[in-house]
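**Student:** here's a sequence, model it:
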Amino acid sequence: MRMRKTERVVARFAAVALFALAQLLHAQAAAPQYPPTVVFMTDFGTVDDSVTICKGVMYSVLPTLRIVDLSHQVTPFSIFDGARFLFGATPYYPAGTVFVTVIDPGVGTERKAIIVKSRRGQYFVLPDNGLITLVQDRDGIVGVREITNRDWMIGAALSSTFHGRDIFSPAGAHLARGDEWTQAGPELDGGKLVRLDVATAKLDRRGLSGTVIALDGPFGNLVSNISGDDFMKLGYSPGEIVSVSIGGRRIEMPFVRTFAEVPLNKPLLYIDSRGQVGTAVNQGNFAAVYKIQPPVSLFIPQARK
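**Tutor:** So this is what the prediction gives:
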């Protein structure tokens, strides 16, 4: 009698467990399935077939892949611009996203083709030329692999000038497909990756000394390496006039929140969407108006109170 009661209890628990498992499997099946994602950036431009060829290579490895274009208009050969675009975009993508980045003036030389995995769980397929510097400093990395496995490349003979097609694109698609990234090649020391020499702003009793590092797209706004947090330490209030020295030229402009707070074609200083100090002309082109091309020095004095 006791055995029968025990058997009934066991059977009841088994039925409950099977029901729970069935519910879990149903929930998993009903959950939306998102395609693997590659975020693709180059300095190739779009006037020829280079970008399309690279995408074709990726689709041939994984036809269900989703490719997001970060930019293909990166300033030619500008490793720094590529690094800052990666820095700006990566926080908005989930773990598991693969970033394929080809700004590669050293293509065909002894520079290494690598895969970097960040502590956020994102993968970066790119040349070892400093592109990963800003992301590495902010997010940290957990590992680096050199891409040497020929099964992760295409072509019987690799081109000496188009590694975007032959190495970076297929390697990125293999990662997105779920292939084990350690198969790409040998492990490298992350502390020995090539680094950009990134200038940092300096704050002292006189004010903030920094650098105009880039232009903001077609608008000609100046992008600086001065953080908004450091700027606020100078003591300026919204609407106050700031006497800014750019490349040794003094330009006075108000510190405002939005472009529309100044008249058309007038200059302004603001904190941009990435939290850096920028300058702009309302509905105009600051760089063109003031004939400025980065990199140039930037100095903002302490506010007078």
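**Student:** sketch out the low-pLDDT regions of this structure for me.
**Tutor:** Applying pLDDT under 70 to the chain picks out residues 1-33, 156-157.
**Student:** can you map out the helices along this structure?
**Tutor:** All helices of the chain, identified by DSSP state H, fall at 2-30, 50-61, 79-89, 133-139, 163, 169-177, 228-232, 286-290.
**Student:** who touches the fourth one?
**Tutor:** Helix 133-139 is contacted from outside by 83-84, 86-87, 90, 116, 118-120, 122, 124, 190, 193, 195-196, 198, using C-beta atoms under 8 Å, 6 or more residues apart in numbering. (C-beta placed from N, C-alpha, C; glycine too.)
**Student:** 10 Å instead, please
**Tutor:** 79-80, 82-91, 99, 116, 118-122, 124, 130, 132, 141, 144, 190-191, 193-198 (C-beta atoms under 10 Å, 6 or more residues apart in numbering).
**Student:** the lengthiest strand in the chain vs helix 79-89, what angle?
**Tutor:** Scanning the chain for the strand with the most residues, using DSSP state E, yields strand 207-216. Counting by axes from the mean of the first three to the mean of the last three C-alpha atoms, to 10 degrees, strand 207-216 lies at 90 degrees to helix 79-89.
**Student:** for strand 207-216, list the C-alpha coordinates in PDB.
**Tutor:** This file holds the C-alpha atoms of strand 207-216, laid out as PDB (Å, rounded to 0.1, in the frame of the first residue of the first chain):
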ATOM      1  CA  GLY A 207      40.700  77.200 -17.900                       C
ATOM      2  CA  LEU A 208      40.400  74.200 -20.200                       C
ATOM      3  CA  SER A 209      42.900  73.300 -22.900                       C
ATOM      4  CA  GLY A 210      41.800  70.800 -25.400                       C
ATOM      5  CA  THR A 211      41.600  69.900 -29.100                       C
ATOM      6  CA  VAL A 212      39.000  70.100 -31.900                       C
ATOM      7  CA  ILE A 213      39.200  66.500 -32.900                       C
ATOM      8  CA  ALA A 214      36.600  66.200 -35.700                       C
ATOM      9  CA  LEU A 215      33.600  67.700 -37.600                       C
ATOM     10  CA  ASP A 216      30.100  66.600 -37.000                       C
END
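**Student:** buried stuff in that strand?
**Tutor:** Gly207, Leu208, Ser209, Gly210, Thr211, Val212, Ile213, Ala214, Leu215, Asp216 (16 or more other C-beta atoms under 10 Å).
**Student:** ditto for stretch 130-144
**Tutor:** For stretch 130-144, by 16+ other C-beta under 10 Å, it's Gly130, Leu131, Ile132, Thr133, Leu134, Val135, Gln136, Asp139, Ile141, Val144.
**Student:** again with stretch 113-131
**Tutor:** 113-118, 120, 122-131.
**Student:** residues touching the residue nearest to Ile213 when sequence neighbours are not counted, list them.
**Tutor:** Closest residue to Ile213 apart from its sequence neighbours, by C-beta to C-beta, 6 or more residues apart in numbering: Asn225 at 5.2 Å. Asn225 sits next to 84, 198-201, 210-214, 276-277, 295, 298 when contact means C-beta under 10 Å, 6+ apart.
**Student:** give me that answer again for 7 Å
**Tutor:** Going by C-beta atoms under 7 Å, 6 or more residues apart in numbering, Asn225 touches Ala199, Thr200, Ala201, Gly210, Thr211, Ile213.
**Student:** and those residues as JSON lines, adding distance to Ala173?
**Tutor:** JSON lines is the format used below for these (distance: C-beta to C-beta, whole Å):
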{"residue": "Ala199", "distance to Ala173": "36"}
{"residue": "Thr200", "distance to Ala173": "37"}
{"residue": "Ala201", "distance to Ala173": "39"}
{"residue": "Gly210", "distance to Ala173": "40"}
{"residue": "Thr211", "distance to Ala173": "37"}
{"residue": "Ile213", "distance to Ala173": "32"}
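**Student:** just the residues you listed now: which is nearest Met58?
**Tutor:** Proximity of these to Met58 (C-beta to C-beta) peaks at Ile213, which lies at 31.0 Å.
**Student:** who's in contact with that closest one?
**Tutor:** Going by C-beta under 7 Å, 6+ apart, Ile213 touches Val223, Ser224, Asn225, Pro294, Pro295.
**Student:** equivalent analysis for Ile251, please.
**Tutor:** Ile251 makes contacts with Val244, Pro267, Tyr290, as judged by C-beta under 7 Å, 6+ apart.
**Student:** what residue is smack in the middle of the chain?
**Tutor:** Nearest residue to the geometric centre of the chain (C-alpha atoms, centre = their mean): Leu86, 1.5 Å.
**Student:** am I right that that one is in contact with Val102?
**Tutor:** No - contact criterion C-beta atoms under 7 Å: Leu86 and Val102 do not qualify, at 12.0 Å.
**Student:** how about the strands of the stretch 51-200 of the chain, start to end?
**Tutor:** For the stretch 51-200 of the chain, the strands defined by DSSP state E, counting those that start in this stretch cover 66-71, 98-102, 113-118, 123-127, 141-146.
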